[in-house]
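A.B. asks: My questions concern the predicted model and sequence given below.
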Amino acid sequence: AFLKPLQNLAGRMDEFLAGHGLFKVMFSEGQIYVNDTRLKVDSSSFEWAGELVEFFTERGVGGLRIEARLSLADLLTLFQLLVKLPRATPDGPSPRDALAAALEEREIRGVAPLRLMVLADGDDLAVAGGERHILGEAVGMYISGLMALRGLAQGRSPSANMLQMTRVVQALADAQAQVGGDLLVLATIKNSEHVLLSHAMNVCVLAIVMGKALHLSKAQVCDLAVGAMLHDIGKYSGEASGGMVENHPYESYRVIMRAEEMTRAILLQSLIALDHHVSFDGTKGYPPYRLGRRPHLFARIVSVANAYDGMTTPAADGKAMLPDVAQRAILRQAGTLFDPLIAQLFVETLGRYPVGTVVEIGNGDIGLVIRSGSGENRVLRPVVLLLRDKYGAEIEGGAVLDLSERHTERKAYKNSIVCSHDPGKL
């Protein structure tokens, strides 16, 4: 049972090495990178990806660098060594060094375990571990939200699914209160098989973080978040009946208004669905009979979140905007299409270069954003893992730049971002 998957993996690795000459998988800050490109993990694989990152992190191994073809026997031996690898302890020997020695002893060439990048130390590690646990539970609620949305879209148990959505957003709001902006990692989940569902959940996560940034009460954040989940629910009935995309706000409104009990929350959620494509100044968008008035605050929040996730999600041709490019596109239309205060706060909350963005530093080095910045200039100054120097040579050793650091005498920043890059074109 184990042999066939192993053969498939060996074949895939051979193809990858033939095309790229190097297979490097790296784990950092809960993310997986292959040859310096962050994997976009969809909802169906998010859980096992988290377990994989946790497995290597607990053993102090930051990843594997493979430069030569491995035989089936060598690949099997590598897996056996990994399974037997003990967890790292503060005073014990390094599991990474033990793995390197075992590979050399068995004459398995071209495989090197990488150092683990740890950005926290001391008591902060316990805090980081607690946050990972909270995020793990948040992932479970994200998936539960997907299932409730799918059930509602299929017309199954509307009351039960609506109740489950309320529970989901309450749990996600509680998680955000504990981990802050780290909850935004959920908004990077992209599911190509269920684009509408993952889009709805991503807009929900973005709305929760924005609601907290606006100091809304928990009840208001939950009403906003459920409305964000449901803003496109009408696309299912619209597609089924062959209706135009412009009809989906009204279709979504109809689905929400079928609730057994009419409450203030239901009315707010129906307004979000109806008006999330109406411009801030009320002159553009659809449905046409909603023009001429300024949308509700919640609809204006969802409008920005909806546009951002749509721009940064790969289209049918596989292309998507870079995060900072999408943010600039939103800011250019602030005051007309988007609420200018919401648009500016959105960028400040996410940071101009969100986690996973490939950036170029002023000296020509290429790096990967692995953590949001801190302090007054955090929007433009995240923490960056250096990958390649200006000559294209790979930078080993996990060198990290905190772009908020200044020169002690001149007080000027030591490093700055010049631009972002599409990792597929590097």
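C.D. replies: Done, it's in.
A.B. asks: residue boundaries of the helices in the stretch 201-350 of the chain?
C.D. replies: Along the stretch 201-350 of the chain, counting by DSSP state H, counting those that start in this stretch, helices occupy 218-230, 234-240, 248-256, 264-275, 297-312, 323-332, 340-350.
A.B. asks: So which elements touch the fifth one?
C.D. replies: This points to helix 297-312. The elements that helix 297-312 packs onto, with contact taken as 3 or more Cβ pairs under 8 Å, 6 or more residues apart in numbering; DSSP states H and E, are helix 195-213, helix 218-230, helix 264-275, helix 323-332, helix 340-350. Every residue, glycine included, has its C-beta placed from N, CA and C.
A.B. asks: can you redo those helices as TSV with mean neighbour count, distance to Gly145 and mean pLDDT?
C.D. replies: Formatted as TSV, these follow (neighbours: other Cβ atoms under 10 Å; distance: least, Cβ to Cβ, whole Å; pLDDT from 0 to 100):
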stretch	mean neighbour count	distance to Gly145	mean pLDDT
helix 195-213	24	5	94
helix 218-230	24	6	95
helix 264-275	22	15	95
helix 323-332	18	23	94
helix 340-350	18	21	93
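A.B. asks: Distance to Val185 added to those, as CSV?
C.D. replies: Below are the helices and strands packed on helix 297-312 laid out as CSV (distance: least, Cβ to Cβ, whole Å):
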stretch, distance to Val185
helix 195-213, 9
helix 218-230, 17
helix 264-275, 24
helix 323-332, 13
helix 340-350, 11
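A.B. asks: closest to Met162 out of those?
C.D. replies: Shortest distance between Met162 and the helices and strands packed on helix 297-312, using Cβ to Cβ, is found for helix 218-230: 8.0 Å.
A.B. asks: what's the angle between the closest one and helix 297-312?
C.D. replies: 40 degrees (axes from the mean of the first three to the mean of the last three Cα atoms, to 10 degrees).
A.B. asks: what residues does helix 218-230 touch?
C.D. replies: Applying Cβ atoms under 8 Å, 6 or more residues apart in numbering, the external contacts of helix 218-230 come out as 145, 149, 152, 162, 165-166, 168-170, 172-173, 200-201, 203-204, 206-208, 211-212, 216, 252, 255-256, 265, 268-269, 271-273, 298, 301-302, 305.
A.B. asks: that older thread, pipe the helices of the stretch 201-350 of the chain into a markdown table and attach distance to Ala101 per row.
C.D. replies: Listed next are the helices of the stretch 201-350 of the chain as a markdown table, based on distance: least, Cβ to Cβ, whole Å:
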| stretch | distance to Ala101 |
| --- | --- |
| helix 218-230 | 50 |
| helix 234-240 | 56 |
| helix 248-256 | 59 |
| helix 264-275 | 58 |
| helix 297-312 | 43 |
| helix 323-332 | 41 |
| helix 340-350 | 43 |
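A.B. asks: out of the ones you listed, nearest to Ser28?
C.D. replies: Smallest distance to Ser28 across those (Cβ to Cβ): 17.8 Å, for helix 323-332.
A.B. asks: Show me what that closest one is packed up against.
C.D. replies: helix 297-312, helix 340-350, strand 417-421.
A.B. asks: which helices and strands does the second one pack with?
C.D. replies: Contact analysis of helix 340-350 by 3+ Cβ pairs under 8 Å, 6+ apart lists helix 195-213, helix 297-312, helix 323-332 as its packing neighbours.
A.B. asks: Save those helices as a markdown table, and put in distance to Cys419 too.
C.D. replies: Listed next are the helices and strands packed on helix 340-350 as a markdown table, based on distance: least, Cβ to Cβ, whole Å:
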| stretch | distance to Cys419 |
| --- | --- |
| helix 195-213 | 24 |
| helix 297-312 | 17 |
| helix 323-332 | 8 |
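A.B. asks: So which of these is nearest Leu186?
C.D. replies: Of all the helices and strands packed on helix 340-350, helix 195-213 comes closest under Cβ to Cβ, at 4.8 Å.
A.B. asks: Ser71: which of the helices and strands packed on helix 297-312 is closest?
C.D. replies: Nearest of the helices and strands packed on helix 297-312 (Cβ to Cβ): helix 195-213, 38.6 Å.
A.B. asks: tell me what the closest one is packed against?
C.D. replies: helix 124-153, helix 158-179, helix 218-230, helix 297-312, helix 340-350.
A.B. asks: who wins for proximity to Leu99 among these?
C.D. replies: That would be helix 124-153 among the helices and strands packed on helix 195-213, by Cβ to Cβ, at 21.5 Å.
A.B. asks: Only the buried residues of stretch 179-186, if you could.
C.D. replies: Residues of stretch 179-186 classed as buried by neighbour count (16 or more other Cβ atoms under 10 Å): 179, 181-186.
A.B. asks: Most widely separated two among the residues you listed?
C.D. replies: Longest span within the buried residues of stretch 179-186, Cβ to Cβ: Gly181 and Leu186, 11.3 Å.
A.B. asks: For Pro340, which non-adjacent residue is spatially closest?
C.D. replies: Nearest residue to Pro340, sequence neighbours excluded (Cβ to Cβ, 6 or more residues apart in numbering): Ala334, at 4.0 Å.
A.B. asks: now the one you found: how far from Leu345?
C.D. replies: 11 Å (Cβ to Cβ, to the nearest Å).
A.B. asks: same deal with His199?
C.D. replies: According to Cβ to Cβ, His199 and Leu345 sit 21 Å apart.
A.B. asks: so what's the residue nearest to Pro340 up against?
C.D. replies: 280, 340, 343-344.
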